[in-house]
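Student: Sequence first, then the predicted structure:
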Amino acid sequence: MEVRRLGRDGPQVSALGLGLMGMSGMYGPADAAREVDGIATIHAALDAGVTLLDTGDFYGIGHNEMLLGRALKGRRRDDAVVSLKFGALRDPGGGFIGYDSRPVAVKNFLAYSLQRLGLDYVDIYRPARLDPDVPIEETLGAISELIQAGYVRHIGLSEVGVETLQRAAAAQPIADLQIEYSLLSRGIEEAILPEARRLGIGITAYGVLSRGLITGSWQPGKAAPGDFRAMIPRFQEGNVERNLALAAALRRVAEERGHSPAEIAIAWVAAQGEDIVPLVGARRADQLTDALGSVRVKLSPEDLAAIEAAVPKGAAAGERYPAQQMAFLDSER
């Protein structure tokens, strides 16, 4: 497994990371069988040399952390780089009701997370979104205190824009920015990616397969109960037809080169720079195997041109989140 460093002073990680969100109910119920699949997938990833494991304390309202904790039990702690998001608030029904990044909340969230994970520290700790009521410097100052106490190793950010990146980097060393980046979501290329590079901040790119949309695995009308993709504009009637046509064009490019659409889509993200680490949301071992194939794909200039022709920049139809959640994205302002 190739390795990359997150930012100028961040941790060294595998060139491909595993995002765990889908193992805890966001793409349908998280029943016992899916838990077994999830743990097996995490084990397979670690065995393949994948070190970067990304979770959030609000994924399944703690379920995802406990799942990861069970998967890591008995494993060497140094084999995993645990990236953890915090701050998203949920009600008993599972609804999202805001964000809290006050310093006292930062420390409280981590105390519960370490207990659920069964770990003494996390490698990267990051606010899930920018809290409009709390200066980013205060939030990061609290994480810095946790670093000094040995509970956190590095600071990360998620879905913030250029101004917040600049303020954050002036206040504390930042390892990476986690942000959506794929063939269908290329907004960071205009200003955010260049500024992150200027500041020496790495990128962990999530949504590299556009939640199954770019690979064509999403089929309209077949969403499982609780699958949040049904609420995303890109998956809704009027948009999904256009996006599936882009997926079909990408599939033709992939097949001509003897690869799967997932391999091509992930390899394209990885090819955009050594400072970018794609996160794949595999929930099963077969999905992971497909994603792992991307690390062996070397795209030529001709390949990149063919991919660009199949899925031109800005071709996606629909926003990447519902309007209510878009409002929380500092990166979109």
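Tutor: Yep, that arrived.
Student: any idea of the mean pLDDT for whatever helix or strand Arg116 lives in?
Tutor: Using DSSP states H and E, Arg116 sits in helix 103-117. Across helix 103-117, the average pLDDT comes to 98.
Student: Equivalent analysis for stretch 122-135, please.
Tutor: Per-residue scores along stretch 122-135 average to 96.
Student: ok, back up a step: and the helix holding Arg116, C-alpha only, in CSV?
Tutor: The C-alpha trace of helix 103-117 is given here as CSV (Å, rounded to 0.1, in the frame of the first residue of the first chain):
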residue,chain,number,x,y,z
PRO,A,103,-14.5,24.2,24.1
VAL,A,104,-16.4,22.5,27.0
ALA,A,105,-18.4,20.5,24.5
VAL,A,106,-15.3,19.5,22.6
LYS,A,107,-13.8,17.9,25.7
ASN,A,108,-17.0,16.3,26.7
PHE,A,109,-17.6,14.7,23.3
LEU,A,110,-14.1,13.2,23.2
ALA,A,111,-14.5,11.7,26.7
TYR,A,112,-17.5,9.8,25.5
SER,A,113,-15.9,8.9,22.2
LEU,A,114,-12.8,7.4,23.8
GLN,A,115,-15.0,5.2,26.0
ARG,A,116,-17.0,4.0,23.0
LEU,A,117,-13.9,3.4,20.9
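Student: Identify the residue nearest the residue nearest in space to the middle of the chain in space, chain neighbours excluded?
Tutor: When Cα atoms, centre = their mean is applied to the chain, the residue found nearest the centroid is Tyr206 (3.2 Å). Spatial nearest neighbour of Tyr206, excluding adjacent residues (Cβ to Cβ, 6 or more residues apart in numbering): Leu279 at 4.6 Å. The C-beta positions use only the backbone N, C-alpha and C, and glycine is treated the same way.
Student: what's the distance between the residue sitting furthest away from the middle of the chain and Lys298?
Tutor: No residue in the chain sits farther from the centre than Glu256, which is 28.8 Å out by Cα atoms, centre = their mean. Using Cβ to Cβ, to the nearest Å, Glu256 is found at 16 Å from Lys298.
Student: shouldn't the residue nearest to the centre of the chain be in contact with Ser185?
Tutor: No - with contact defined as Cβ atoms under 8 Å, Tyr206 does not reach Ser185; the gap is 9.6 Å.
Student: what bits of the stretch 151-300 of the chain have low per-residue confidence?
Tutor: 218, 221-226, 228 (pLDDT under 70).
Student: Sketch out the helices for it, chain order is fine.
Tutor: 162-171, 192-199, 240-256, 261-270, 285-292 (DSSP state H, counting those that start in this stretch).
Student: How about the secondary structure of the spatially closest residue to Arg186 that is not a sequence neighbour?
Tutor: Residue nearest to Arg186 in three dimensions, not counting chain neighbours: Lys313, with 5.2 Å by Cβ to Cβ, 6+ apart. Assigned with DSSP: H, G, I helix; E, B strand; the rest coil, Lys313 falls in the coil class.
Student: Go ahead and confirm Lys313 touches Gly187.
Tutor: No - counting by Cβ under 8 Å, Lys313 stays clear of Gly187, with 9.7 Å between them.
Student: higher neighbour count, the two?
Tutor: Counted by other Cβ atoms under 10 Å, Lys313 and Gly187 do not tie: Gly187 has more neighbours, with 17 against 11.
Student: Run through the residues that contact that one.
Tutor: 331-332 (Cβ atoms under 8 Å, 6 or more residues apart in numbering).
Student: now with 6 Å?
Tutor: With contacts defined as Cβ atoms under 6 Å, 6 or more residues apart in numbering, Gly187 has no neighbours.
Student: ok, how many other residues are close to Ser144?
Tutor: Neighbour number of Ser144 under other Cβ under 10 Å is 16.
Student: Just to check, Pro203 is in contact with Ile276?
Tutor: Wrong residue type there; residue 203 is Ile, not Pro. Yes - contact criterion Cβ atoms under 6 Å: Ile203 and Ile276 qualify, at 4.5 Å.
Student: one step back: look up which residues are beta-bridged to the residue nearest to Tyr206.
Tutor: Beta-bridge partners for Leu279, by DSSP bridges, are Gly17.
Student: who's in contact with it?
Tutor: For Leu279, the contact set (Cβ under 6 Å, 6+ apart) comprises 17, 19, 54, 204, 206.
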